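*Asks:* Give me a 3D structure for the following:
(chains A and B)
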Amino acid sequence: MTVPAAIVVVLLTQSYGALQSNAIAMAALGGVVAAAVGMMPAAAWQLARPYLYGMRALHALVIVGGAVALSLGFGVSPIQVLGIAAILGFLWRIPE
Amino acid sequence: MNLFLLYIVLCKAMLTSFSGPTSLPVVRHDLVERYQVVTDRQLEAAVAAGRATPGPFGLYLVSLGYFIAGVPGGCVGLLALITPAFLVIPMLRYLGQHVNRPAVRSATRSVTLAAAGLLVSTTVPLARDSLTSTVPILIAIGTMFFLVFTKKPTFLGRPRRGDSRGAWQPDVTDV
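*Replies:* As a prediction, this is how the structure comes out:
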């Protein structure tokens, strides 16, 4: 499944380069890219949603908010943020 | 950027992600900010290409690899995508006995939540780059609400196992 899909992805990426001079195609691609941007916060929501209820909500808000603040506010690299989160989760148990 | 370094960077991103799109912040940090071998626009196009095909979300690595080094780069992206699947076998053999410890489960959950936060923070520069007029902003907001409030696929998804209604959901838990 992955290899045929990867071939399709390469073909789509090739067409991106070829279509850069076509205004209509680029406008359509702009819409696809905007949709891709919209998918990201939706994916973040779907990851965090199970933890936003009950006793877990405080953990979720602190960790998600902390990750955003460390990454955007202080420029901490994603790997370091994930490492800090792992240590925090180890020490500050998220309820089952 | 040579292919081996590209493989290491992409592998690092995949190995530190616990679900589909959570590799994106690491990939952006390394390839857009640190090595500057792709632009935000190319990253967005890669994500769009990856989502426009059936299969795991991580397929955008193939597109990114192609942007950076052509067909060999695409092959490296594919290799990085499948590497964790092979590594998980020895990992389960040696680390599997610790997975159910409450502290480890809590750490895993914490990393998942941090990944959600990183996704939000990655969205900001990408949105700044691509949402430059009203129509793209409306498309992005519409897509976000569509995915949050419905169980429809992003384009070519697959039904989630165990969903008796046959509803379709985005593959955010893939690879």
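
*Asks:* Report the central residue of chain A.
*Replies:* Nearest to the geometric centre of chain A sits residue A:40, at 4.7 Å (Cα atoms, centre = their mean).

*Asks:* That one is in contact with residue B:122, isn't it?
*Replies:* Yes - counting by Cβ atoms under 8 Å, residue B:122 is a contact partner of residue A:40 at 6.6 Å. Placement of C-beta: from N, CA and C, glycine included.

*Asks:* Determine the longest helix present in chain A.
*Replies:* Among the segments of chain A that qualify as a helix by DSSP state H, the longest is helix A:23-48.

*Asks:* Chain B now?
*Replies:* Chain B, longest helix under DSSP H: helix B:60-95.

*Asks:* Give me the spatial nearest neighbour of the residue nearest to the centre of chain A, chain neighbours excluded.
*Replies:* residue B:123 (4.4 Å; Cβ to Cβ, 6 or more residues apart in numbering or on different chains).

*Asks:* Go ahead and confirm the one you found touches residue A:43.
*Replies:* No - contact criterion Cβ under 8 Å: residue B:123 and residue A:43 do not qualify, at 9.5 Å.

*Asks:* Neighbour count: these two, which is higher?
*Replies:* Neighbour tally, residue B:123 and residue A:43, criterion other Cβ atoms under 10 Å in any protein chain shown: the higher count belongs to residue A:43, 29 against 23.

*Asks:* where does that one land on pLDDT?
*Replies:* pLDDT recorded at residue A:43 is 86.

*Asks:* neighbours of residue B:62, just the number please.
*Replies:* 34.

*Asks:* ignore the last one, residue B:89
*Replies:* Residue B:89: 8 neighbours (other Cβ under 10 Å).

*Asks:* again, but for residue A:55
*Replies:* 10.

*Asks:* Distance-wise, check it relative to chain B.
*Replies:* 12 Å (Cβ to the nearest Cβ, to the nearest Å).

*Asks:* That residue contacts residue A:95, doesn't it?
*Replies:* Yes - taking Cβ under 8 Å as the definition, residue A:55 is a contact partner of residue A:95 at 4.4 Å.

*Asks:* From residue B:109, how far off is the most centrally placed residue in chain B?
*Replies:* By Cα atoms, centre = their mean, the mean C-alpha position of chain B lies nearest to residue B:21, the distance being 2.6 Å. Separation of residue B:21 from residue B:109 (Cβ to Cβ, to the nearest Å): 17 Å.

*Asks:* And for residue A:18?
*Replies:* According to Cβ to Cβ, residue A:18 stands 44 Å off from residue B:109.

*Asks:* Residue B:60 now?
*Replies:* From residue B:60 across to residue B:109, the span is 25 Å (Cβ to Cβ).

*Asks:* ranges for the helices of chain B?
*Replies:* Going by DSSP H, chain B shows helices at B:3-15, B:24-27, B:40-51, B:60-95, B:102-130, B:134-149.

*Asks:* Can you tell me which of the ones you listed is most buried?
*Replies:* helix B:24-27 (a mean of 27; mean count of other Cβ atoms under 10 Å in any protein chain shown).

*Asks:* Which residues does that helix contact?
*Replies:* A:40, A:71, A:78-79, B:9-10, B:12-13, B:16-17, B:43, B:47, B:60-61, B:64, B:115, B:118-119, B:121-122 (Cβ atoms under 8 Å, 6 or more residues apart in numbering or on different chains).

*Asks:* Understood, closing this out.
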